[in-house]
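Trainee: Give me the fold of what follows.
(4 chains)
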Protein chains: 4
Amino acid sequence: MLNIAVIGAGRIGRIHARNIAAHPCARLAGISDPDSGAAGSLAAACGAASITLEEAFKAEAVLIASPTPTHADYIERAAQAGCAVFCEKPVDLSAARVRDCLRAVERAGVPLMVGFNRRFDPSFAALQRRLAAGEIGALELLTITSRDPAPPPASYVAQSGGLFRDMMIHDFDMARFLLAEEPVELYAVGSALVDPAIGAAGDVDTAAVTLRTASGRICQISNSRRATYGYDQRIEVHGAEGLLRAANMTSTTVESAGRGGFTTDPALPFFLERYEAAYRAELDTFVTAVVDKIPSGPTGEDGLRALILADAATESVRTGQPVRL
Amino acid sequence: MLNIAVIGAGRIGRIHARNIAAHPCARLAGISDPDSGAAGSLAAACGAASITLEEAFKAEAVLIASPTPTHADYIERAAQAGCAVFCEKPVDLSAARVRDCLRAVERAGVPLMVGFNRRFDPSFAALQRRLAAGEIGALELLTITSRDPAPPPASYVAQSGGLFRDMMIHDFDMARFLLAEEPVELYAVGSALVDPAIGAAGDVDTAAVTLRTASGRICQISNSRRATYGYDQRIEVHGAEGLLRAANMTSTTVESAGRGGFTTDPALPFFLERYEAAYRAELDTFVTAVVDKIPSGPTGEDGLRALILADAATESVRTGQPVRL
Amino acid sequence: MLNIAVIGAGRIGRIHARNIAAHPCARLAGISDPDSGAAGSLAAACGAASITLEEAFKAEAVLIASPTPTHADYIERAAQAGCAVFCEKPVDLSAARVRDCLRAVERAGVPLMVGFNRRFDPSFAALQRRLAAGEIGALELLTITSRDPAPPPASYVAQSGGLFRDMMIHDFDMARFLLAEEPVELYAVGSALVDPAIGAAGDVDTAAVTLRTASGRICQISNSRRATYGYDQRIEVHGAEGLLRAANMTSTTVESAGRGGFTTDPALPFFLERYEAAYRAELDTFVTAVVDKIPSGPTGEDGLRALILADAATESVRTGQPVRL
Amino acid sequence: MLNIAVIGAGRIGRIHARNIAAHPCARLAGISDPDSGAAGSLAAACGAASITLEEAFKAEAVLIASPTPTHADYIERAAQAGCAVFCEKPVDLSAARVRDCLRAVERAGVPLMVGFNRRFDPSFAALQRRLAAGEIGALELLTITSRDPAPPPASYVAQSGGLFRDMMIHDFDMARFLLAEEPVELYAVGSALVDPAIGAAGDVDTAAVTLRTASGRICQISNSRRATYGYDQRIEVHGAEGLLRAANMTSTTVESAGRGGFTTDPALPFFLERYEAAYRAELDTFVTAVVDKIPSGPTGEDGLRALILADAATESVRTGQPVRL
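Mentor: This next block holds a predicted model:
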């Protein structure tokens, strides 16, 4: 049984805390949150206790689900305390800070896993395995579509690091996961079409990125902060011998037919529903990796590289020029 | 070039006349119809002439698309005249009359093809070929779904011979085409749920039939005179090694997504649209069969056997008992 | 917290025991099984104890997942002990024995829920709700397709009560659930096409049933003990204003494309996977019903009525005649 | 009846000649081709005559389906002769030459339509109509996927003008058709991944382009010269209120199921099959426009603008920089 403390009792901390409590090989060491009410009620629901940060760092492992600006510090404190660390993305919005933090982790010699949950989505994971197994030959074109159901409030946007670091960073990680080669060039365009307040805050809500690798593989990513039909999460890979794609998921398989045609459910509403199985598989990978002492990703380095792509995209939109990586 | 006269300038005659006019190996010898205006305008549209019945029977082949009560007589007259004959289904609503007519055709030694157009639908034909080629092993369960978009007027129902002889007869032919064995038992249930006037006329508008063959293969057919989502025409075959099914067709491949989900087009509206390609392939089969003197179906015997099943279904609904065939 | 004892540590008992252990409002009172090793290891996995039958009947509720011949006795003993009862289907293979048992339950005044899990499948449940809400008007034709991935061993068949009581009983329950009217007539055909040993044991492995209600609604059910493409579980309802259907589920949404076309996953392998969410929702309904003292189905009466339909189907195949109900 | 001469008896000329011969309001004035055998046999198949170029320009209209280098000259000669002109794309591979040609057409005052057949594909046309009608609100992101089944021979590539002018020019036209705004910026990447000979010839076979309009609408196009699963032609539009997409077409609706899952047909093999209906609708639009003297597109200006985008894409790949338009 791996003893895991959860830091952060918000939306994402709740998912992880419950998954830890239900995991056959993990034990929830407690929940730490400055909002002791939130920590207490989540702890109670999971049969655990509200604990202090100091107590959290005494567990075998910590799962960091606190606000982004605290991530790097908590990772370093956990590493110094000898904890295995799972941290929600991003490690930090500054690549320099991430590098420092990763060095501290390396010095401490503790395992660090970063929460790129999409790698663990059963459909995306199966697609990656089948691609890696050569089912469609060499990858030539990769298309990643991510669209949130609704834009975040402008207040969130202001401190989010912008669409590329906040939202598309997941797609950058998936691109790296699937391309099996590092991008050498990136070009991004972005617009504020969904909410003028997002544009006023200096961010975009609609964006497209092109990545190219050294061997000439091409990846196209598109993001929108709005999709009336649910949380749109799709991947398509075109290879020398065929195509692999993973579609959206729906709540039910019910289809209705009438004068207007044949209608199926909208896509699952948002990440809590869509990535429910992914969060469980992600935790399971972390627990197994720590218990069995086997290296496992996504690593801190993966977190850094996705951030570097997000920084480059931000720069590309600003300058209107492609960025060599 | 096969010289073909068309008898009947109604809805179905128009389809055939145009297909003959466009066929590279056929020539439209003329159109015969008691309504000389209809014959004339159809003939003009096809670059042919309005002709008398007598003139029609001088062509190498006749295509009979006149009202059902005239079919058997015209077949006999055409056969006596030495014409190859294509006749729209049914040959007659009376099995005895059909038998007489087929004897006359046999004596005359002319080819006779009956217009079971669905055998020529590209999807149904491909399904049958793949089934016959053994792709899913032996057929075990066959499911045929046929639903018209809207009920016919009660006046039509009265002289139609009833749902089983008028509508399900097509499904009986498809069942025989796919089962590759004759049914030995039939059970039918029927209700008037769509239009009380149909029930008042002694007919049903919603029906289900079960067929069983000597080796134990089972077929389920369902019919409705109403489908808000278009002309519903589907076949599904369950075999020892898998399943084959043919779905409905739509006008376009466009799909929309919004709050209500993902919506595709309704099914094609009715038989003119759905079986457009089938009518062309059917004619092509007839022309090739006559020109190359190769036997080809569906034959008069196929027409008779489908009618016998329709008679049995009518009887089964009346008595509430299964009918041994 | 509802204290529930599980009787039976087999395949289905394991599902329920784990779901009880994970349910926020239930507590697993222990596992009882004559095979104390099975009971013990399941209990250990769920953080509970192996208990005797007598101890089980001291819990607030029992969940009976033991072999079918024990069901009615255990229900009666549980009822006498004042337990709320959840019993896997069927209550018994004899309708007379079921009637006796239900009387005993009624006398005891305890709630009894029968394990027709399919009513709780998210897709089937949504279909039923939308149908009941009038989305497609009055139901006219109902089509239920159930195909197991592979036939059971002949030894199982011998004591199963036959396909209609063992397998199609679920479809009879779904038919009643959706028709919203009792069937008044049933006709069944069956064949042994999958495994001659099943035929030799006096059973069938391929079957089709037609049900008709007093108002003329029609239901067609088909079953096969074999489907190479997974556990095939589909429902389609044709109503006056449209159609509702629920399709099979797959493990992933991945689709591949190549020379052979576009390929998606097979259907989920069998009931453990397909009805995983249904089992959870079923338990949740039971717990809520008992805790909140609200009546809830499927009831013992539902179990009896499905069995009566299964008996009638067995009789119909034997005699070749429809059965009036 | 519009009298139309066809210039060019190759693959595309054959399609048009047959469609003209079958059109109720058009008459095939003859076929002109330097290869008099090709012209003669096509003419014979269409019930017309092989004619000289000079004779062709005496028709009311000419349809130019000859090799690209001849297009601009023939357009000018036809225009001088007062013919209405339909010309296959492109008008020329040089934008300067196209401009000269269009000026000549303008001076002559004859109608000119350019063969961007995809605008007339029933699915793409329906998508455009529904988009223009506001069904999904304002367009925000447009994704166009075009993949040929197999690369052309290197000899073809050498004189084709390159992938952007030869293949993606169709997608540029569709982008303009759907964006309802001119692109102001274009960025392209390309690789030779399919056939090294294509790279050696200085061209690419795999490419991605990003377009941005003044109001911030974004379009992503991807092309490959290879797709094992057929001719891949898809469009997806993301708008403020939803999504519209048009999928590939297949020969049949047959689906098979077995151990490997559920499989549908590959996409239609290539443009002759996929755009069969589009070619008919395109001709119909031309005939109607000329006969009824109504302006109709795609115009010569559309041809020029698509070429300018193709030139920009070629330049962007060469320099690695985006191009302002």
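
Trainee: Is A:Asp121 in contact with A:Glu276, as I believe?
Mentor: No: shown here, A:Asp121 and A:Glu276 do not form a contact pair, counting by C-beta atoms under 8 Å, at 9.7 Å. Using the backbone N, CA and C atoms, a C-beta is placed for each residue, glycine as well.

Trainee: what about A:Leu102, which SS state?
Mentor: helix (DSSP: H, G, I helix; E, B strand; the rest coil).

Trainee: how about the residues of the stretch 51-200 of chain A near chain D?
Mentor: For the stretch 51-200 of chain A, the contact set with chain D under C-beta under 8 Å from any C-beta of the partner chain comprises A:138, A:140-141, A:143, A:145, A:147, A:185, A:187, A:189, A:191-194.

Trainee: Going by neighbour count, which of these are buried?
Mentor: Listed as buried from those are A:Glu140, A:Leu141, A:Thr143, A:Thr145, A:Arg147, A:Glu185, A:Tyr187, A:Val189, A:Ser191, A:Ala192, A:Leu193, A:Val194; burial here means 16 or more other C-beta atoms under 10 Å in any protein chain shown.

Trainee: Enumerate the residues of chain A near chain B.
Mentor: Counting by C-beta under 8 Å from any C-beta, chain A sits next to chain B at A:228-229, A:250, A:257-267.

Trainee: would TSV of these with secondary structure and pLDDT be doable?
Mentor: Below are these laid out as TSV (DSSP: H, G, I helix; E, B strand; the rest coil; pLDDT from 0 to 100):
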residue	secondary structure	pLDDT
A:Thr228	coil	98
A:Tyr229	coil	98
A:Thr250	coil	97
A:Ala257	strand	98
A:Gly258	strand	98
A:Arg259	coil	97
A:Gly260	coil	97
A:Gly261	strand	98
A:Phe262	strand	98
A:Thr263	strand	98
A:Thr264	strand	98
A:Asp265	coil	98
A:Pro266	coil	98
A:Ala267	coil	98
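
Trainee: Dump those residues into TSV; add distance to B:Gly161 as well.
Mentor: Converted to TSV, these look like this (distance: C-beta to C-beta, whole Å):
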residue	distance to B:Gly161
A:Thr228	50
A:Tyr229	47
A:Thr250	44
A:Ala257	29
A:Gly258	31
A:Arg259	30
A:Gly260	34
A:Gly261	33
A:Phe262	33
A:Thr263	37
A:Thr264	39
A:Asp265	43
A:Pro266	46
A:Ala267	49
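
Trainee: burial of A:Trp319, as a residue count?
Mentor: Let me fix one detail, which is that residue A:319 is Thr and not Trp. Using other C-beta atoms under 10 Å in any protein chain shown, A:Thr319 has 10 neighbouring residues.

Trainee: From A:Ala188, how far off is it?
Mentor: Computed with C-beta to C-beta, to the nearest Å, the distance linking A:Thr319 and A:Ala188 is 10 Å.

Trainee: what is in contact with those two at once?
Mentor: Common contact partners of A:Thr319 and A:Ala188 (C-beta atoms under 8 Å, 6 or more residues apart in numbering or on different chains): none.

Trainee: Quick check, A:Gly199 in contact with A:Ala192.
Mentor: Yes: counting by C-beta under 8 Å, A:Gly199 does reach A:Ala192; the two are 2.8 Å apart.

Trainee: where along the stretch 101-250 of chain A do the helices fall?
Mentor: Here the stretch 101-250 of chain A has its helices, by DSSP state H, counting those that start in this stretch, at A:122-132, A:154-158, A:163-166, A:168-179, A:196-200.

Trainee: Check which helices and strands the second one is in contact with.
Mentor: Same thing as helix A:154-158. Judged by 3 or more C-beta pairs under 8 Å, 6 or more residues apart in numbering or on different chains; DSSP states H and E, helix A:154-158 is in contact with helix A:196-200.

Trainee: Pull the CA coordinates from the helix it packs on and hand them back as CSV.
Mentor: The C-alpha coordinates for helix A:196-200 follow below in CSV (Å, rounded to 0.1, in the frame of the first residue of the first chain):
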residue,chain,number,x,y,z
PRO,A,196,-13.8,40.0,-26.5
ALA,A,197,-12.8,40.1,-22.8
ILE,A,198,-10.3,37.4,-23.6
GLY,A,199,-8.8,39.5,-26.3
ALA,A,200,-8.7,42.5,-24.1
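
Trainee: got a list of contacts for that helix?
Mentor: So helix A:196-200 is contacted by A:Pro151, A:Ala154, A:Val157, A:Ser191, A:Ala192, A:Val204, A:Asp205, A:Arg225 (C-beta under 8 Å, 6+ apart).

Trainee: Please tell me which one of these counts the most neighbours.
Mentor: Most surrounded of the contacts of helix A:196-200: other C-beta under 10 Å gives A:Val204, at 28 neighbours.

Trainee: For that residue, grab phi and psi.
Mentor: Backbone geometry at A:Val204, expressed as degrees, to the nearest 10, gives phi -120, psi 160.
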